[in-house]
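Enquirer: Would you be able to build a 3D model of this:
(2 chains)
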Amino acid sequence: MNTFKKIILSAVIALGFTSFGGIANAACGKIVMADMNWASANLMANVDKVILEKGYGCEIELIVGATMPTFTSMNEKGAPDVAAEQWANAVAIPLAKAVAEGRLHIANKAPIKGLGEGWWVTPGTLKRHPELKTALDILDHPELFPYAEDPSKGAFVGCPAGWGCQLANANLYRAFEMEKKGWVLVDPGSAAGLDGSIAKAAEGDKNWFGYYWSPTSIIGKYNMQPVDFGVPFAGSENWDGCIVKPEQECDNPKPSAWTKSEVNTVVTDNFKKTAGKKAMKYLKKRTYPGDVMNAMLVYMADNQADGADTAIEFLKTQEAIWTKWVPSSVAKKIKASL
Amino acid sequence: MDFFDSFPVMEQQSLRDFKKFIDLSFRTFARTYGDALEAFFQPLLFFLVWLEKLLLNTPWPIIILVIAILAWIGSRRWQLVLGSIIAFLAIGYFGMWKDTMATLAIITVATMLCILAGIPAGILMSRSNRVQTAILPILDMMQTIPSFVYLIPILMLLGIGKVPGLIAVCIYAVPPIIRLTNLGIREVDKETLEACTSYGATKFQKLKHVQIPLALPTIFAGVNQTIMMALAMVVIASMIGVRGLGVPILRAISNQYLALGLLNGLAIVALAIIFDRITQRYGTRIQKHRGQKNKIH
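Expert: Next up, the predicted model:
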């Protein structure tokens, strides 16, 4: 009799747990998402938060992040669970390894269309000097971009210290023999420094030449013009084996156009398990057209809106885009919550 | 009841407009006066670039010799001289010489600028209670406002580079010297001043020959604090494009290079300790001097 009771009891408990687990599964569970420290990723994280919370019943916590620290943490500790906009160039090898081992998954290979890194000039530069068609033309005229600390040289604004692109710019600087041509590679120190130098040049309608990437509000707002490198992409062996490496590991860099940027939405195995197939499917479908993203970023900058506000604005004004990412029943739930 | 439950917050649209208005006015201001301000600071930039080049192009043994001599003049203690030599040899050996020289250049210029601006401001404050009450909250603000906040307007006005970095450093580093100059002069004995007045000393004579000399040890403590705070700002200054020990530290932060961050951080600490001990010893030596005089009286 006692044993019988026990069996029943344990069966009830087990049943209770399974059904409880079932509910938890349906409710998607607790997810930690990286809220990266730049605008487009900030917006994407907040849009994901609203959609996954209101549409899929997840419980989302956003934590601040940055390319390298967030990736390291996801790779080593398995948290946070989602990096909406992980630029893969900087972490290509460890990412590939983690994906092969099944610890991380790439949920979306192109969350934003038409994005990329490269060299840019202010629109005024091209207006005044239409003869500057490629980077090679620009490199012959350092005098148009005088460096404040030594006006006899041209200033090429590279990446802030510690960014993955800093090495690439330093090696391209050597590959294009820019020092010999009279250029200085300027380290803007931080994202604020880089943005500030563009904003200052564009506001004062001065010439500016340096590194940036799109989609960003700065590019959209100041109508910055991408520079054609004037040389083709010189192969991934040169790029991955030399250009992105520290100087001492790259003896002979070849001039090359910027590699095509690979940006992924990376999730941990934990996300795949707790959030389930539906959420993965949403992430896979979620692709922002480049111009829409730029427009949202300019909205964000002009109104000094944060990611959460801009996410609401996006969900309210761009229904045609996001309703394609989710089933109509989910879209209804989200619309009702706005 | 509603009134108690939710704070009567400014309407979102007007708040947004308010922020936009401030931004726009500042942008117009930056557009109008940015170039003029840049031209104004041009001599400072030249001086800073010149000093950095001088430090970088001088052979390292000479620099170390000069530092050893300065340490001796300041402290008169061979331990400190030896310590400074060892610290700089270690800095050079670990490949941080160039960055250290760049940092040294900006710290030197920043300290000079702070002294030049701070001591007159401190004197002004000590002359009148009204000026003191007006300046004190400004000093409090300069010391507590997060530096990232004023980096934005500085960037808009002056772009990136050495001069904006220098100004950011000085905003944070100048308050102690102003405070301590004010304090030192106010602390000068009333009776001593009365004696001067009875001898018919003018206000300026009193200031120059009595108040400032007697306040010197306190003023020196201010200089010491200013140097320390300037060194603490090295990393922030690097965020707006100042070369120096802050750059590798920023690189270390973004890439979790523990050793790189630690080495450069320790180099800043070494600079700080050397400067601190030298200026402190110098300060106490002036005080000793005064103490002896007092005894003679």
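
Enquirer: ok, now how distant is whichever residue of the stretch 51-200 of chain B sits closest to chain A from residue B:34?
Expert: Residue of the stretch 51-200 of chain B nearest chain A, by C-beta to the nearest C-beta: residue B:155 (3.2 Å). To be clear about C-beta, it is placed using only N, CA and C from the backbone, and glycine gets the same treatment. Plainly put, residue B:155 is 11 Å away from residue B:34 if you go by C-beta to C-beta, to the nearest Å.

Enquirer: go on, residue A:252?
Expert: Taking C-beta to C-beta, one finds residue A:252 at 42 Å from residue B:34.

Enquirer: Please apply the same query to residue B:212.
Expert: 38 Å.

Enquirer: and if you look at residue A:231?
Expert: For residue A:231 relative to residue B:34 (C-beta to C-beta), the value is 36 Å.

Enquirer: Looking at the two, which is more packed in?
Expert: Higher neighbour count among residue A:231 and residue B:34: residue B:34, with 18 against 15, using other C-beta atoms under 10 Å in any protein chain shown.

Enquirer: Identify the residues contacting that one.
Expert: Residue B:34 makes contact with A:200, A:204, B:156-158, according to C-beta atoms under 8 Å, 6 or more residues apart in numbering or on different chains.

Enquirer: export the residues you listed to a markdown table and tack on pLDDT, secondary structure and distance to residue B:80?
Expert: Formatted as a markdown table, the contacts of residue B:34 follow (pLDDT from 0 to 100; DSSP: H, G, I helix; E, B strand; the rest coil; distance: C-beta to C-beta, whole Å):
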| residue | pLDDT | secondary structure | distance to residue B:80 |
| --- | --- | --- | --- |
| A:200 | 88 | helix | 44 |
| A:204 | 85 | coil | 49 |
| B:156 | 84 | helix | 43 |
| B:157 | 86 | helix | 41 |
| B:158 | 87 | helix | 38 |
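
Enquirer: okay but residue A:132 is in contact with residue A:121, surely?
Expert: Yes: shown here, residue A:132 and residue A:121 form a contact pair, counting by C-beta atoms under 8 Å, at 7.4 Å.

Enquirer: which residues do those two both contact?
Expert: Counting by C-beta under 8 Å, 6+ apart, the residues touching both residue A:132 and residue A:121 are residue A:138.

Enquirer: show me where pLDDT drops low in chain B?
Expert: B:1, B:288-297 (pLDDT under 70).

Enquirer: Tell me the buried residues in stretch B:144-155?
Expert: B:147, B:150-152, B:154-155 (16 or more other C-beta atoms under 10 Å in any protein chain shown).

Enquirer: who in the stretch 1-150 of chain B is up against chain A?
Expert: Residues of the stretch 1-150 of chain B lying close to chain A by C-beta under 8 Å from any C-beta of the partner chain are B:16, B:19-20, B:23, B:27, B:30-31, B:34-35, B:38, B:45, B:49, B:148.

Enquirer: Check these and tell me the two furthest apart.
Expert: B:16 and B:49 (42.0 Å; C-beta to C-beta).

Enquirer: is it true that residue B:215 lies in a helix?
Expert: Yes: Residue B:215: assigned to a helix according to DSSP: H, G, I helix; E, B strand; the rest coil.
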